[in-house]
Structure formats: structure tokens, C-alpha cells
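> whatever this is, show me its structure:
(chains A and B)
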Amino acid sequence: MKSVSQGIRKKDAMALVTGKPVYTDDIAPSNCLIVKVLRSPHAHALIEEINTTVASKVPGIECILTYEDVPKSRFTMAGQSYPEPSPYDRLILDKRLRCVGDPVAIVAGIDDRCVDKALKLIKVKYEVLEAVLDFREAKDNKIIVHPEEDFKALCDFTGTDAKRNLCSTGNFTFGDVEEELSKCAHVIEQTYHTKANSQAMMETFRTFTELDIYGRLNITSSTQVPFHVRRILANALEIPKSKVRVIKPRIGGGFGAKQSVVSEVFPAIVTMKTGKPAKMVYTRKESMTSGSPRHEMEIKVRLGADEKGIIKAIYMYTLSNDGAYGEHGPTTVGLSGHKSMPLYNGANAYKFEYDVVYSNTMGSGAYRGYGATQGLFALESAVNELAAKINIDPVKIRELNMVSQGEVMPAYYNETANSCTLDKCLAKAKEMIDWDNKYPCRDIGDGKVRSVGVSMAMQGSGISNVDTAAVEIKLNDDGFYTLMIGASDMGTGCDTILAQMAADCLDCDVDNIVVHGVDTDQSPYDTGSYASSTTYITGGAVVKTCATLRNKIVEEGAKLLDCKVENVEFDGQKVFSLKDNKEMSLRDLGNATFVGGSKLLSASESHYSKVSPPPFMVGLVETEIDKLTGKVDIIDYVAVVDCGTVINPNLSRIQVEGGIGQGIGMALYEDISYDKNGRMRNDSFLQYKIPTRLDVGNIRVEFESSFEPTGPFGAKSIGEIVINTPAPALANAVYNGTKVNIRTLPITAEKIVMGMIKNEK
Amino acid sequence: MQIKLWINNKVFEDDIQSDILLIDYLRSKGFYSVKRGCETANCGLCTVHLEGKPVLSCSTLTVKANGLHVTTLEGMKEEVEEFGGFMADQGAEQCGFCSPGFIMNVLAMKKELVNPTELEIKQYLSGNLCRCTGYMSQLRAIKKYLELKKED
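Below you'll find the model as predicted:
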């Protein structure tokens, strides 16, 4: 193989490092109207009166829209396949405001100055309502977040009941958990709490819109889900999907944030109303306060094991806060159980129950890990507590209990782990960090202790039977190929890795494959870049499409060479028949197809998967904790990953390093928090700190490749799993150094010190 | 108000509003490499050079550049391509949105620090946030680049 498994440069790398204007705001027409939104200062209120007369008179203002001006069909902003599990619970602008930051009015004008002025002149009279801000009190509260009659849930399985503030509820049972727990020698019963986090991608949400020469709405947006944007905007604006075109330029990071429609609706409705191009660029503050953050979850775990530490039963109950709107609520919660429990596949019984509630905080969304991150913090922490309770090494308890290749996983939809080197990952990680010599800790003087912590993780690869992707490959003159994809490269490099796969399938150099970014008018359908699907699902489509195209090349070659097709072969450079002693170069074939007498060659295949094979990984961390102040420094982070075949080692490595960096932020400081009125306290990078390069220590990554039989070239996913180990591993390191269990993220110095003081008493 | 400044060694004479920030002025003149990642001077994405020294253009009034030389990524093509190649070889650009500000600061660091230690590198660049990479690949790229420059 020439390209696959090579760490080649991304196709767009040099354009990006030389600062080419390739992002949404760089390519927006200069005559775009500037669109901004007046946002609710209240967590729960009704608009009694809204007066825009004075504001409209500001010179340069083109339009001001209120709830009276927008379509009345509810929709969801969640970028999911139709019918979406997320309820249709939104309007572009609503009379009822359900969180601080909810849009009250849309203002469009010729520049920032006039729009800012007009925003201040809109007069709104609110009827302020009591809000439900604590998600633990939301279920069956007398305050109902979505009392509206036209609220609509599309999927029965979500168990949605808006009158109870339930966005979703459900359960899963295998075996008899109560019976098994009653027989266990050791039971851990604890509650863990993970917080809402902002994805904090460097490019905030942004979109520009215009009408094209056919009168269709063209949307250029920083999105992971162009085809879902097309449907969502058609729903929101009550226009046919055929009237919407979505273009995805380069994206300045997504991490799931852009798996929801966020900024798109505002300029879109302005363009529809005015006929003029319009642009909305979210401020960082707006991205923080009105984005699509990780679901806050409180997870109760009951974990039972026999006297030797063999895990016999796992119970998990997840309470998830969806906030004011239901985007991704019914689906993220499932991962908290189904993508944590299967790591301990030997149990006799599993039970998983959940509620996803509405409350008057910012609506949630998709963030890398998508519920698995939260569930793994809870379960991995519980396993570490179990190990401590029965006094065995937390690495050892994993060696005794971890899932291994070939096993059927009852808690994972009865799928079989066809590819799994988790055991090798753990062994290698252990060696890399010198676990046996460092566990649990050593005092290094000056009140400081160095300790180590462990976590395992899993995820999926695409959504089984839901995610689907097509690609199209065309043969051009001189024999180069155009690879058309609908998957969204958001910096991750999928344009490149899909070309690497195509190059190997077509036996050519990767430079012979031209890749085209996403335009819903031209690109083949793809559900989008989320759910760790692109390498696995879209990659599968690439492999199939190349096979079809190769057949076509052979057929057309045979015709042009006047040979029997069964005698003709294609080696990437030429079609030839050894029997007839004839050959034609790919270059000549390509050129021949561009004139009469031949035919143009292209192929397009779509792909989905009936399974979602989990990647696996192990994260081990060494920390230095100052016992006086509780400050935690990361010394070394070791990660070993089984993502199946590694398609591009450089890009995979950076997925791992980057995911761990984000996970460290989640573990140690990131915590979206609200004041008593529901206003976000930390709505900027001054207060909401993400890791700098001084904070992440040294991250070392290795791969222990398995071969996934259903994956392209044996590949599984890598994008999401990588954020899952830092929180539980760091909590474990803190425990091993201080004997303090931190069960509520983030793991702050204050919590550690308070825990140590409590332990001393 | 009237100003005169040099951007990438080309002179610009303009009548500007006194409160326009340098980042917005530069973007309005087509220097799109200059990016904004926050409004609070925390992210480093908007880094440009003012008289050869790195500044945050989001926190610099354009008038402050009056009579001075501003350099953006577009103005350092050769160095940028050279160091950018090291980034690309690691895959360290990822989404690329923070790359321009980061590279401007790396190039400033190269001028300012002689044989910096790893810690000195991290400290110099700590104001340049990146959410994609976890920073390790950027460090690998810098080290390789500095090694090469040492040999030169």
C-alpha cells in the first residue's frame, strides 16, 4: 500500500498555514447585511410587548424581525437524520423565552455600527416567569419549559413527554441486576456529575446567505452537516428543500458544536425577507452563551464484583440536562450507558435507565464523545473506587474484566467485538508510563506527590443502520480522478484520508485524486461528519466506489482495445491484455473518454453499516499534586489506541493528542455555570479557561492496531473516543495521590484540598 | 481621522474612524489571514507584527499603528511557507484557524529567543490557543524548524 498508513500532509495544509482566505467570513460578499440578535436577559419569560419603531429608524437598518414575523412551524436544530430523535420544539423567534440568550429579535443593517445602535433601541416588555434552573428539579416540575401545543416528537422510542419536562426517557436491561448485586461481595454505589462544556472551537459559529440567480437560498456556513442544514432550514423557513443550497468552506473546528444549526437561521431569514445577502458571525460570548454545549449529566452507578474483583453487575442511571431545547438529548444519553458498560463485558447483568430533562438553561448539543464521555467518567471512576475498596491495582482490575476480541457485547446492542486489542493497549500503556513502579504514588518532598491514574474508553464508528454516505469518483482527461464527497472536513483531514484510500484502491498517487469540498447541489449525500463516522462510513463508500470504477475502466478499456473484457486488467497506470498483447495508458483512456466513440467514466456508491465497531483506548496519566494548594500538574499522559488500521498516522495522532487536550480541560477547569438568575457566569475566555500549551504536560500516543473486518482497510473511528480518558484517569491519579475521590467535575484544587481536610477529620 | 501606515511594506493612507481596531482595519484591506477567536485578548489568533514585535491586533487601535509598519502573515511568505511546511508535515495545522496568529508568534520568537528551551517555547507561545491539536504537534514542528535554522 502506498498511501494508506502513510502520514502524508493534508491536501489543504499549505493553504491553511499560509493564511489563505478559505473560511466563511473570508469569502462572504462585502455587501452582506450584518445580522445580529437581541437576546433574552431572562431565563424564562414571555414577550408582552416588543416595539421596534425607533430602532427601525436608525440609518442603515434594513429589517428587524420579531416573533410575529417568523414561520410558525416548530423544528429542531439538531443535525441528525430524518426523522430526528430530537423533538421539534423551536421557532426561529418565539414569544416564550426559555433561557438567557434566547433570541428576541433579529436586526439586519449595512454595518455593525447601525445594528449595534438599533439593538439598544428595541423596547421589550417581558413578563418574567419563574425558571427551573436546577436540572435535578426539572422532571415533573410545575414550571413547564415547553407547554406549547404544537410541540412535536417524531420518534416513539424517545419517550418524550413535554408536560413532564421530559425530553426523553427509557431503559435497557440484561439479566437481573438486583439479584446479581445481592450476591456480590463488593458493591460500589456512587453518583458522578459531569458539567456542560463549550466546544470552544477557534472559529465561532458563522454563516452567510444569499439568493442565487435561480432565486434559491444559498447558505455558506461553518457546519459539519451541510445536508442536514438544508433540511433544517427548509423546515424552519417553510420552503421546499429544493430551494436551499448549502456550501461548506473550510471550517475552523467543530467538535460537534457545528452538528447543530446555530447561526444559520438568522441570516437566512433576513435574506428571505430582504432578498439581500446577509451574514452573521457569532461573538465568542454568543458562542459560549447560545451555542450547543455538552449535556450536563448526573450518573448514578451501582457496580458489583465478587471477592476476586470480577465484575458481575452494572447499574447506571443517567439524568441529562438538555436545557431549553432538545437538540441531541434523546441520543447522547444512550451513549452514557451503552458506550461505557461494554468495556466490562463479563458481567451477568446490566441495567441502564435514563431521563433527559428540559430546564431553563442553554440548550445542549453534540460535543465529541456525545454522552460516552460522561458515562465513562462515571463508570471508570466507579471501577477505580471498586479497585481501591478491594485493595487491588486499578490496572489489574481492568486486566481481569475488560472486553476482548470475539466477545458478543450484550450492553452494546449484542454486537460482537470483531476487532479489539484493548488488552495490548493496556499492556503497552502500562509499560510506557512505568506503571508498576509509579503506582500509586511517591512523595517527592516539598509537599508534593506524584501519582498515576488509569482509564479505558470506547466509542462507536458511525451510527449503525442510520449513517449513510455516498461518494462519486470521476475519471478525467489525462487520467486524474475527481473525488466528490459529502463528508465535512473540519480540519480533521477527511478530504485527505479519503483520497488516500481512493489512491490505494485505484493504484495511483494521492496527488492524482482531486477532492471537492461539500456543496449540497453537487456533492453526493452524506449524513455528515459526526458520530465518528467519516473514516468508517464514508471510507466504506470510497472503497466500494473505487471497485465499481475499476470495473468500468476495465470494461471501457476492453472496448477501446477491442479485447475480451475477461482478458483485460487494470494496474492503475494502464489497461492491458497480456493475451492480446495490447495496452492503453490510463492517460490515453481518460482522454479517449472525453471524445465521442467512448463514454465518460464515473462511479458512485453509497455505504452504511449494520454495526458500529468500537475503537478502544487506554489513557494513563502521571500527575504532580501540591498537597498544600491542591494544584494538579500533568507530568505525562500516555495513550494507546486501537482504532483498527491507522489510515494517516500523523492525523490520527493529532486526533488523540487534541482529544486528550480537550479532555484535560473538561477534567480540570471547564465548567459552564450560571448565577441564580440563569445568566452564564463564565461567558468568555477570561473566565472559561481552556488548556494552553503550558497545561497539558507531555502527551505520548501509540497505536495498537486491530483489523476491523467491516471497516475500510480495517479501519475504525478515532475522532471522539480520544476525549474520554482524561477525566476518569485524572480523578484516579488524584485519588492515588491524596485519597480524595472527586466525583463532580471539574477536579479543582479547591475540591482536592477540601477533600484532604475532610479525610483528616 | 487621517492615518498613514505600512502593511507588509506597502503604504496605506486612509481616513478612518478613530475607534476601529487594527484587526478590523487589516481584514477590511483584504488581509484575511488575521483571525478573531475571542473579544477578550485571550486567544492570540489575531497576532500581527508591529514594527517587528508581536501584538494582538484585536486590542490595538489602528491609530496606534499610524506611521508604523504592520506585518501580517501575508507579508512573510517565505518564512511562513518554510515553517508552515514543518507544521504540515506533522498535521499540526488541523483546522488552521489559529495557524496564522500562531505562526506570527513563532516567527517573532525565533528572532527574540536564542536556543530556547522547551519551557521557554511554551511560555513564549502560551497566549496562542489551539483547540484541535493538544499542542504537541506544534511543539514537534517548532523543534524541527529551530534545529534546521540552527544548522543554517
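
> can you pull out the strands in chain B?
Using DSSP state E, the strands of chain B run over B:2-7, B:10-15, B:47-50, B:53-56, B:69-71.

> closest one to chain A among the ones you listed?
strand B:47-50 (10.8 Å; Cβ to the nearest Cβ). Just so you know, the C-beta spots here come from the backbone N, C-alpha and C atoms, and that holds for glycine as well.

> do that closest one and chain A meet?
No. Using Cβ under 8 Å from any Cβ of the partner chain, strand B:47-50 never reaches chain A; the gap is at least 10.8 Å.

> for that strand, packing partners?
Applying 3 or more Cβ pairs under 8 Å, 6 or more residues apart in numbering or on different chains; DSSP states H and E, we find strand B:47-50 packed against strand B:53-56, strand B:69-71, helix B:99-112.

> A:Ala45 is nearest to which of those?
With Cβ to Cβ as the measure, strand B:53-56 is the member of these nearest A:Ala45 (37.4 Å).

> can you tell me what sits against that closest one?
B:22, B:41, B:44, B:46-49, B:104-105, B:108 (Cβ atoms under 8 Å, 6 or more residues apart in numbering or on different chains).

> returning to that earlier point: most tightly packed of the helices and strands packed on strand B:47-50?
helix B:99-112 (a mean of 23; mean count of other Cβ atoms under 10 Å in any protein chain shown).

> for that one, enumerate the helices and strands it packs against.
helix A:13-17, strand B:47-50, strand B:53-56, helix B:77-90, helix B:118-124, helix B:136-151.

> assign A:Pro342 to helix, strand or coil.
When classified by DSSP: H, G, I helix; E, B strand; the rest coil, A:Pro342 comes out as helix.

> was I right to think it contacts A:Val408?
No. Counting by Cβ atoms under 8 Å, A:Pro342 does not reach A:Val408; the two are 10.1 Å apart.

> neighbour count winner among the two?
Between A:Pro342 and A:Val408, counted using other Cβ atoms under 10 Å in any protein chain shown, the more crowded position is A:Pro342 (23 against 10).

> any idea how far chain B is from the more buried one?
For A:Pro342, the distance to chain B equals 27 Å [Cβ to the nearest Cβ, to the nearest Å].

> residue contacts, that residue?
For A:Pro342, the contacting residues are A:403, A:409, A:411-412, A:458, A:614, by Cβ under 8 Å, 6+ apart.

> so for the most centrally placed residue in chain B, what's the nearest residue that isn't a sequence neighbour?
Among the residues of chain B, the one closest to the centroid is B:Met104, at 2.6 Å (Cα atoms, centre = their mean). Once flanking residues are discounted, B:Met104 sits nearest to B:Thr47: 4.4 Å by Cβ to Cβ, 6 or more residues apart in numbering or on different chains.

> check contacts around that neighbour.
B:Thr47 is in contact with B:54-57, B:100-102, B:104-105, B:108, B:128, counting by Cβ under 8 Å, 6+ apart.

> closest to chain A among those?
Closest to chain A out of the contacts of B:Thr47 is B:Pro100 (4.2 Å), distances taken as Cβ to the nearest Cβ.

> quick check, A:Gln405 in contact with A:Ser419.
Yes. A:Gln405 is within contact range of A:Ser419, at 6.6 Å (criterion: Cβ under 8 Å).

> between these two, tell me which one has more neighbours.
When A:Gln405 and A:Ser419 are compared for neighbours, A:Ser419 comes out ahead with 25 against 15, by other Cβ under 10 Å.
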